[in-house]
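*Asks:* below is the structure, and that's it, no one-letter string:
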């Protein structure tokens, strides 16, 4: 009992473990998606904040250049302001809050003017030249950069600073003439603070989203899991009831089989018992004139009943013990010949049994087949006149087999053929009419069937079809 309890706990624990794994997986996926979306939004907002200063400076520079061009009274379109006028316009914009240095580069990217002599002189980087060639602004923000990277300072004065490095393409007001490139260095501490505030807000919002979303997922998952658990419990209860019903049906099937075998025994010993009863009655009446023939008949009747009882007891023992082993068709052939060959020979009836003797079948199948075929052969011998024939033929396709019992008697009347396997329907004088019905029920017990075969000649032909291996009762049900 302890082992069964442990197994039940294990079986109930596996779905719970799987459910928790699925829940944690959903939470991890949801948190990952929220995190990725948050970082994507953060990058977009940062890019917009970073570009604000560059666009403002670009507008101021374009206005100053236009003003300088108006003051210079340019006449022709190909005329452009000189470097001195252009540098003066850039110095006007250098007073914007946050700008601490400005530089002017010519069209080749070489440094021409610088607002501070302490700035390290460098030409334009290749990456910036490529962006400017496409007419785009170039803006770079460095939250932690050493001051000595762009300013000539003493080692003691070097420190980490936040810097925005902005490059603007310079053109005439009509856009026809390229005037070079302006570089603005701006204090990035304000932008760094905006980035920090932005990150705090986004992380806080992401945490709230993950918490609320995770709680919603947990609640929905718990409700769904509860419904599934209830449905699973109902299914298990139904399965248990079906299992019990199946076991009861299996028991009924076994009981039915025992009843069929018992009915076969009763049907088989009815006639021999009647003969013995007559002998006993004559003995009690003082009739001592019984001849040798009558005593021999009584002895044969007793032997026949003893043999049938032994056969039925063997079948019932096999069914109750549950033992399973293989038998061969040759054993069945030997039993039929041992039982009926002498009787057939006494009446000059040719009795033949043919088929693959090495055909293997389960013992439970073989015992039932033996009972059914014995009844068919007995009927065939009774219906066959002296000098006739009775033939038993076995054929198989590997998994199933058929046994055909045919004789040279008068056959079955057409009016009885549709009701051959119904109880209380006999075409023989003194017959009880249940032999074929019992045989048909026994055939169904092993998953087979018994039928009458119409033929062109006058004799009767019965076919027993069956499986060589017994199916479990639960499978059959």
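*Replies:* Done, it's in. Every value quoted in this text rests on a predicted model; they were computed, and no experiment measured them.
*Asks:* shaky segments in the stretch 351-477 of the chain?
*Replies:* The stretch 351-477 of the chain contains residues with pLDDT under 70 at 423-434, 471-477.
*Asks:* dihedrals phi and psi, residue 139?
*Replies:* Note on residue 139: its backbone torsions stand at phi -130, psi 130 [degrees, to the nearest 10].
*Asks:* which residues does it bridge with?
*Replies:* Legend: beta-bridge partners of residue 139 under DSSP bridges are residue 166.
*Asks:* excluding its backbone neighbours, what's nearest residue 148?
*Replies:* residue 158 (4.6 Å; Cβ to Cβ, 6 or more residues apart in numbering). C-beta: built from backbone N, CA, C; applies to glycine.
*Asks:* so the one you found: helix, strand or coil?
*Replies:* Three-state call for residue 158 (DSSP: H, G, I helix; E, B strand; the rest coil): coil.
*Asks:* pretty sure it is touching residue 145, no?
*Replies:* No: assessed by Cβ atoms under 8 Å, residue 158 is found out of contact with residue 145, at 10.9 Å.
*Asks:* the two: which has the busier surroundings?
*Replies:* Neighbours per residue, other Cβ atoms under 10 Å: of residue 158 and residue 145, the larger number sits with residue 145, 16 against 13.
*Asks:* element containing that one, please.
*Replies:* Applying DSSP states H and E as the criterion places residue 145 in strand 138-146.
*Asks:* which of the residues in that strand are buried?
*Replies:* 138, 139, 140, 141, 142, 145 (16 or more other Cβ atoms under 10 Å).
*Asks:* ok, stretch 56-76 next?
*Replies:* 57, 58, 60, 61, 62, 64, 65, 68, 69, 74.
*Asks:* could you dump those to JSON lines with secondary structure and pLDDT?
*Replies:* Compiled in JSON lines, the buried residues of stretch 56-76 are given as follows (DSSP: H, G, I helix; E, B strand; the rest coil; pLDDT from 0 to 100):
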{"residue": "57", "secondary structure": "helix", "pLDDT": "88"}
{"residue": "58", "secondary structure": "helix", "pLDDT": "89"}
{"residue": "60", "secondary structure": "helix", "pLDDT": "90"}
{"residue": "61", "secondary structure": "helix", "pLDDT": "90"}
{"residue": "62", "secondary structure": "helix", "pLDDT": "89"}
{"residue": "64", "secondary structure": "helix", "pLDDT": "88"}
{"residue": "65", "secondary structure": "helix", "pLDDT": "87"}
{"residue": "68", "secondary structure": "helix", "pLDDT": "85"}
{"residue": "69", "secondary structure": "helix", "pLDDT": "83"}
{"residue": "74", "secondary structure": "coil", "pLDDT": "69"}
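*Asks:* closest one of the residues you listed to residue 345?
*Replies:* Of all the buried residues of stretch 56-76, residue 58 has the smallest distance to residue 345: 125.2 Å, by Cβ to Cβ.
*Asks:* and residue 344, how far is that from residue 43?
*Replies:* Computed as Cβ to Cβ, to the nearest Å, the residue 344 to residue 43 distance reads 102 Å.
*Asks:* which one of those two has more residues nearby?
*Replies:* Using other Cβ under 10 Å as the criterion, residue 344 and residue 43 rank with residue 344 on top: 20 against 10.
*Asks:* show residues contacting the strand or helix carrying the more buried one.
*Replies:* Here residue 344 sits within helix 329-346, counting by DSSP H and E. The contact list for helix 329-346, computed with Cβ atoms under 8 Å, 6 or more residues apart in numbering, reads 307, 350-351, 353, 355-361, 366, 369-370, 373-374, 377-378, 381, 390, 392, 394.
*Asks:* state the three-state secondary structure for the most far-flung residue of the chain relative to its centre.
*Replies:* Within the chain, residue 73 marks the point farthest from the mean C-alpha position, 84.6 Å out by Cα atoms, centre = their mean. Taken by three-state DSSP, the conformation at residue 73 corresponds to coil.
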